[in-house]
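A.B. asks: fold the following, please.
(2 chains)
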Amino acid sequence: MIRTRFAPSPTGFMHIGNLRTALYAYLFAKKHKGKFILRIEDTDRERYVEGAVDAIYATLRKAGIFHDEGPDVGGGYGPYIQSQRKDIYMEYALKLIERGGAYYCFCDKERLGSLADEKGVKRYDKHCLKLSKKEVQDKLDAGEEFVIRQNMPTEGLSSYEDMVFGKITVPNDELEDNILIKVDGMPTYNFANVVDDHLMGITHVIRGTEYLSSTPKYNLIYEAMGWQTPNYMHLPPIMKDQKRKLSKRYGDANFEDFLNKGYLPHAIVNYIALLGWSPKDNQEKLSMQELIDAFDIDGISKSPSIFDEQKMKWLNAQYIRELTLEEFHDIALSYYQKMDLVDKFDTLKLSQLLHGRCEVFSDIYNSVDFLTEFGDFDLGLYYHKRMKTDFKAAKPLIEEALKALKEIEFTTDSIMDALTRISEKMGVKKGQTMYSVRVALTGRASTPGGAIEMAELLGKDESLRRLKKSLEMIKKAEHKL
RNA sequence: GGCCCCAUGGUCAAGUGGUUAAGACACCGCCCUUUCACGGCGGUAACAGGAGUUCGAACCUCCUUGGGGUCACCA
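C.D. replies: Model (predicted):
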């Protein structure tokens, strides 16, 4: 049975890159009918952020990534939070010492600091490896603070087979005697991930390429303990641009932010699935089940990929269009509420107009703000090349529209009739009238609908008021000329 | 800097010795059209450079260049 895991550290919101790692681990497990495990790596007490664990649960749930085992759902390999496994690590560290794979180190920070070479590169010199058993015991008895270090070979090569990168070889003298257990008794990642992955029966370790060249170290621990090494799948990073990795520091790189901008959760998931992987047939829009079915290691790329929000927007628009009007309206409603439109306008009609025009829900703000704002606007807006019109041509049309609309009951048909008749009477193209009236009504270069729709939306009173006002603006401008 | 890894249009990417080098986003043009979108059609645009191997190289090898990762009592 294949078992994969996602092992984030609770240090803040969940980053898009991390989410993609979780996704791939999930897809791989599900594709092979295996289990996906969530483990919280909170061994660094200083970086721990309150609430971050809940944020991880929330993000995973919204993304549609469900773990079979984890702190909140249980499982047979718990606890799934590393800080609760402190004793386990110490137990195995002691065993590793017995097997010669690790040793106690009593060096203080000062001595360590003095180890820097001419280039400032610090490297531990295995000083405490030379301590005799008795010396170690004496120091331990005396209650000296200690750390446990991994004992690396100093010559030869170590290699392993990565499922996406192939054979990776690293000279052993590049490997440092990393700290496995810190003075506070907590393990470092270097040790905890190995112990846990083994104890939790993880068959495939899926993580970022930052571990690509340190993986031989971990394998050395597996070997020293007599454990079987897992399979590895390292994933290239997601970049903000050519040189910068996508990171929290640059902002907007986390899942929650995109949700708040009006992205649909699955659109985000779909997009990031495609960042660094592509299905054989190059299909771009895939449901979670389709992702599971199509996922394969062959499609994973080896080089970093740049995050392109524009493309994610396009995908999001595809998903929005697939929503039913009711679904769209439900989501849009919260935006209308924020804009205080709910009791003033026919929001269902608004949704009909907006449904095909939004790429992300936050587009709603800019596309309907004219409903509540109507001030002076540039008369240049009346100019339209294809309609062959401008504000001078618009003036009589607006005057006529004002007269005609005063007389009628507002319905789609009646407004249409009235405006059509004006065009006939004035001998202009219908589009000219429509365009002029629409601009006079909204003061915007573009709106989520034409003249009739805008008039209906605004209602008779407001429409007449705006036409009047727009007319005055034109007259005032002519006066100045 | 040492070590590990990577390299197809602006971006995501097909492609695994013989292709007119796909497709998508973005961009541009045309059509549709009561604005703007949607949609339809079309277009611009790539194998980083240099040596090899081969009848033949985007695909194999080497070098250069560029990029990423790593070198913590962080994960």
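A.B. asks: A:F191 against A:A93, yeah?
C.D. replies: Yes. Here A:F191 reaches A:A93: they are 6.7 Å apart, a contact under C-beta atoms under 8 Å. From N, CA and C alone the C-beta is placed, and that goes for glycine too.
A.B. asks: so what's in contact with the two at the same time?
C.D. replies: With contacts defined as C-beta atoms under 8 Å, 6 or more residues apart in numbering, the residues shared by A:F191 and A:A93 are A:L180, A:I181.
A.B. asks: for the two, indicate the residue with more neighbours.
C.D. replies: It is A:F191, of A:F191 and A:A93, that has more neighbours when counted by other C-beta atoms under 10 Å, with 26 against 23.
A.B. asks: which strand or helix spans the residue lying closest to the more buried one once chain neighbours are set aside?
C.D. replies: Excluding the flanking residues, the one nearest A:F191 by C-beta to C-beta, 6 or more residues apart in numbering is A:L180, at 3.8 Å. A:L180 is part of strand A:179-181 when elements are defined by DSSP states H and E.
A.B. asks: touching RNA strand B at all, stretch A:347-358?
C.D. replies: Yes. Stretch A:347-358 is in contact with RNA strand B by C-beta under 7 Å from any atom of the strand, via A:G356, A:R357.
A.B. asks: from the chain's centroid, how far away is that stretch?
C.D. replies: Relative to the chain's own centre, stretch A:347-358 is displaced by 26 Å; criterion: C-alpha atoms, centre = their mean, to the nearest Å.
A.B. asks: got the buried residues for it?
C.D. replies: By 16 or more other C-beta atoms under 10 Å, the buried positions in stretch A:347-358 come out as A:T347, A:L350, A:S351, A:Q352, A:L353, A:L354, A:H355, A:R357, A:C358.
A.B. asks: quick one, grab the pLDDT at the first one.
C.D. replies: Right, A:T347. On pLDDT, A:T347 comes in at 95.
A.B. asks: which residues does the residue of chain A found nearest RNA strand B contact?
C.D. replies: Ranked by C-beta to the nearest atom of the strand, the top residue of chain A for proximity to RNA strand B is A:G450, at 1.9 Å. Contact partners of A:G450, counting by C-beta under 8 Å, 6+ apart, are A:M434, A:R438.
A.B. asks: again with A:I408
C.D. replies: Applying C-beta under 8 Å, 6+ apart, one finds that A:I408 lies in contact with A:S414, A:I415, A:D417, A:A418.
A.B. asks: ok, 10 Å please
C.D. replies: For A:I408, the contacting residues are A:S414, A:I415, A:D417, A:A418, A:K460, by C-beta atoms under 10 Å, 6 or more residues apart in numbering.
A.B. asks: for these, which one is nearest A:L246?
C.D. replies: Checking these against A:L246 with C-beta to C-beta, the nearest one is A:I415 at 49.3 Å.
A.B. asks: double-check the closest one against A:L457; I have them as touching.
C.D. replies: No. The criterion here is C-beta atoms under 10 Å, and A:I415 misses it with A:L457 at 11.1 Å.
A.B. asks: on that earlier part again, quick check: the farthest pair among the contacts of A:I408?
C.D. replies: Farthest pair in these, by C-beta to C-beta: A:D417 and A:K460, 14.9 Å.
A.B. asks: next SSE downstream of the helix or strand containing A:E456?
C.D. replies: If you go by DSSP H and E, A:E456 is part of helix A:451-458. Counting by DSSP H and E, the next helix or strand C-terminal to helix A:451-458 is helix A:460-480.
A.B. asks: what residues of that following helix count as buried?
C.D. replies: Quick answer for helix A:460-480 (16+ other C-beta under 10 Å): A:E462, A:S463, A:L464, A:R466, A:L467, A:S470, A:L471, A:M473, A:I474.
A.B. asks: any figure for the gap between the fourth one and A:E453?
C.D. replies: With distances taken as C-beta to C-beta, to the nearest Å, A:R466 is found 14 Å from A:E453.
A.B. asks: now the first one
C.D. replies: Using C-beta to C-beta, one gets 14 Å for the distance from A:E462 to A:E453.
A.B. asks: kindly report the same for the fifth one.
C.D. replies: With distances taken as C-beta to C-beta, A:L467 is found 16 Å from A:E453.
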